[in-house]
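Asks: below is the sequence, then the predicted model.
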Amino acid sequence: MLCIPAMDLSGGQVVRLYQGRFDQETGYGDPFVIADNLAAVGAERIHIVDLDAAKTGQDSNYALVKKIVKALADFQIEIEFGGGIRDRDRVEMLYDAGIDYLILGTVLVGDFDLAADIISEYPDKVIAGLDYKKRVSMATGIGEVAVSGWQDNTSVSVEEMLKKLAPLPVSSILLTDISKDGTMAGPDIKGYEQILAYTDHKVIASGGVGSLMDLVNLSEIVSAGKSLFAVVVGKALLAGSINLEEAISICKA
């Protein structure tokens with residue numbers, strides 16, 4: 001299982017939200033310092049999200065992201081990037097900047113045909129990002145997809161999106177339980193078991209990791225003969241609850 005440290009950007013700084021709420025934001029400082037520290041201890045891939053663009057659809061941190069990618073070039077680290085990617089022009093611009101994998105989220109719901117075309121044009125280079133909220137009114141089911149930086153709920157279920165994505169050459173599917181994100185309260189183990197049984201694509205878990213034991217628990221999930229491809233770890237690393245070297249070691253083991 002690959003351990004992917006996360007850097008969410010807002011206003012030129014690294015921040016973390018609590019349960020996707022922009023009114024509960026914690027700042028963690030200079031993205032260049034943080035990126036350099038992650039690279040120095042052996043990160044193989046870094047997860048970067050432009051929260052400003054995710055919220056508004058406007059590209060506000062492109063110059064910063066381009067500089068971060070350039071600063072990490074000597075480390076040969078893969079970069080997966082998401083936030084506000086809703087048209088072909090931005091897709092081409094970001095790939096030209098050196099991004100390895102783009103994360104499509106809102107456009108999957110808003111214009112699936114466009115998203116499918118982009119995925120087909122860049123096979124194995126696009127990650128489908130499904131941020132979901134639990135359906136408290138239903139006894140079964142994984143959850144409903146939220147878009148526009150988690151601000152807008154939809155009536156689209158995770159299961160529906162996984163079915164639509166099934167024939168497409170996505171690199172992987174990133175599943176984030178919004179209720180867990182930024183809480184360090186533990187990941188949605190049951191949800192990931194359901195997801196693994198529902199898709200043949202690689203699955204990346206995100207949201208709720210707060211301890212090394214959470215990583216152990218995620219690594220031990222086996223459903224339909226499959227296990228998780230990777231896990232994104234954000235606040236726990238930035239807050240110092242998890243040491244990245246130890247996290248990488250556990251995930252590799």
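Replies: Done, it's in. Residues are numbered from 1 along each chain as shown.

Asks: and the helices in the stretch 101-250 of the chain, which stretches?
Replies: 106-110, 112-121, 158-165, 189-198, 212-219, 235-238, 244-252 (DSSP state H, counting those that start in this stretch).

Asks: tell me the mean pLDDT for the fifth one?
Replies: Meaning helix 212-219. Average pLDDT, helix 212-219: 96.

Asks: so which of the helices of the stretch 101-250 of the chain is the most surrounded?
Replies: helix 235-238 (a mean of 23; mean count of other C-beta atoms under 10 Å). For every residue, glycine as well, the C-beta is placed using N, CA and C.

Asks: check which helices and strands that one sits against.
Replies: strand 13-18 (3 or more C-beta pairs under 8 Å, 6 or more residues apart in numbering; DSSP states H and E).

Asks: tell me what the strand it packs on is packed against?
Replies: By 3+ C-beta pairs under 8 Å, 6+ apart, strand 13-18 packs against strand 2-10, strand 21-29, helix 31-40, helix 235-238.

Asks: direction included, what does the helix or strand following the longest one pair up with?
Replies: Sequence-wise, the next helix or strand beyond helix 31-40 is strand 45-50, with elements assigned using DSSP states H and E. Note on strand 45-50: by DSSP bridges, its sheet partners are strand 2-10 (parallel), strand 78-82 (parallel).

Asks: one step back: so which of the helices and strands packed on strand 13-18 is nearest Ile204?
Replies: With C-beta to C-beta as the measure, strand 2-10 is the member of the helices and strands packed on strand 13-18 nearest Ile204 (7.2 Å).

Asks: what sits up against that closest one?
Replies: 14-17, 25, 31, 34-35, 38, 43-52, 61, 64-65, 80, 83, 204, 206, 215, 229-234, 237, 244, 247-248, 250-252 (C-beta atoms under 8 Å, 6 or more residues apart in numbering).

Asks: filter these down to the buried ones.
Replies: 14-17, 25, 31, 34-35, 38, 43-52, 61, 64-65, 80, 83, 204, 206, 215, 229-234, 237, 244, 247-248, 250-251 (16 or more other C-beta atoms under 10 Å).

Asks: want to throw the helices and strands packed on strand 13-18 into TSV with mean pLDDT and distance to Leu72?
Replies: Formatted as TSV, those follow (pLDDT from 0 to 100; distance: least, C-beta to C-beta, whole Å):
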stretch	mean pLDDT	distance to Leu72
strand 2-10	94	11
strand 21-29	77	17
helix 31-40	94	6
helix 235-238	91	16
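
Asks: distance to Leu175 added to these, as CSV?
Replies: Shown next, in CSV, are those (distance: least, C-beta to C-beta, whole Å):
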stretch, distance to Leu175
strand 2-10, 13
strand 21-29, 19
helix 31-40, 22
helix 235-238, 17
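
Asks: tell me which of the ones you listed lies nearest to Lys164.
Replies: strand 2-10 (24.6 Å).

Asks: dump the strands paired with strand 45-50 into JSON lines; add distance to Ile99 as well.
Replies: As requested, the strands paired with strand 45-50 are exported to JSON lines (distance: least, C-beta to C-beta, whole Å):
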{"stretch": "strand 2-10", "distance to Ile99": "13"}
{"stretch": "strand 78-82", "distance to Ile99": "5"}
